[in-house]
Each structure stands twice: as C-alpha cells, then as structure tokens.
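**Student:** take this sequence and fold it.
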Amino acid sequence: MKRTVTAVEARRNLGELLEQVYYRGDEIVIERAGKPMATLVPAGRAVAMDISRDESRAWIADWMQRNAELNKDLTEEEVERLVNQEVKAVRAASKRRRAKSA
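**Tutor:** Residues are numbered from 1 along each chain as shown. The predicted structure is shown next:
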C-alpha cells in the first residue's frame, strides 16, 4: 500500500513506518509543506531500482557506442532524456488504451 505522511508524523512514528515498509511492503511518501520530500520503500525494491537504473545507463552507453556516428552530437544525458520521453509516451498510450477498453 502507498500512503503519504507529514515529516512530523514520520519523525514521531519512524519505527512503526519502518515495520510497515519491511513487513507489509508499503511505500511511504514523506511530505513537508505539501511537497513530497522522500519515499520509504522496502530495501529489496530499492536494490532492484538501483540495478534497473544501472542496467539502463549501461544500455544507453552501449547504444551510444554502437551508434557513435549517428549520435555524435548527443550526450548521454540527452539520450537518457529522449529515452525517458519515449517511455512516458508509450506508457501514456498504454494507459489510454486500457481506459478505453475498460
């Protein structure tokens, strides 16, 4: 379950929040003044996110190397931005299709 708590609530109930994250797999968003500041996630999920991020960066670096001539004017950051932009577009289209079929 994903839920949001204030920074003050997180400070007061950190032990309880950690148990909810560890034992139930909850995600807790911590806000200050209505702005999300951090998210508590289970350690295994954080490790998986790191691996996924590292794999994505390795794939981008490999792709740029294989397509060096084609992309000679692009930095890794620009390629990553373009890839993320395309991923968002594909996810939005998929969400629209699901909503349409529901």
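**Student:** mind listing what's buried in the strand or helix carrying Arg57?
**Tutor:** Assessed by DSSP states H and E, Arg57 sits inside helix 43-66. Within helix 43-66, the residues scored as buried using 16 or more other Cβ atoms under 10 Å are Ile60, Met64. Any C-beta I mention is one placed from the backbone N, CA and C, and that applies to glycine too.
**Student:** which outside residues touch the helix or strand of the chain with the lowest mean pLDDT?
**Tutor:** The least trusted helix or strand in the chain, going by mean pLDDT, DSSP states H and E, turns out to be helix 43-66, with a mean of 75. Outside helix 43-66, the residues that touch it by Cβ atoms under 8 Å, 6 or more residues apart in numbering are Tyr22, Gly25, Val41, Asn71, Leu74, Glu76, Val79, Glu80, Val83.
**Student:** so among those, where is pLDDT lowest?
**Tutor:** The lowest pLDDT within the contacts of helix 43-66 belongs to Asn71, with 66.
**Student:** buried stuff in the host helix or strand of Glu31?
**Tutor:** Using DSSP H and E, Glu31 falls within strand 27-32. For strand 27-32, a neighbour-count test (16+ other Cβ under 10 Å) marks Ile28, Ile30 as buried.
**Student:** list the helices and strands that strand packs on?
**Tutor:** Using 3 or more Cβ pairs under 8 Å, 6 or more residues apart in numbering; DSSP states H and E, the elements in contact with strand 27-32 are strand 2-6, helix 7-12, helix 14-24, strand 35-40.
**Student:** who's in contact with it?
**Tutor:** 1-7, 10, 17, 20-21, 36-41.
**Student:** check the gap between the residue of the chain positioned farthest from its centre and Tyr23 for me.
**Tutor:** Centroid-distance maximum for the chain: Glu69 at 30.9 Å, with Cα atoms, centre = their mean. Distance of Glu69 to Tyr23, given as Cβ to Cβ, to the nearest Å: 53 Å.
**Student:** before we move on, the earlier item: and the contacts of strand 27-32, which are buried?
**Tutor:** Among the contacts of strand 27-32, the ones that count as buried by 16+ other Cβ under 10 Å are Val5, Ala10, Leu17, Gln20, Val21, Leu40, Val41.
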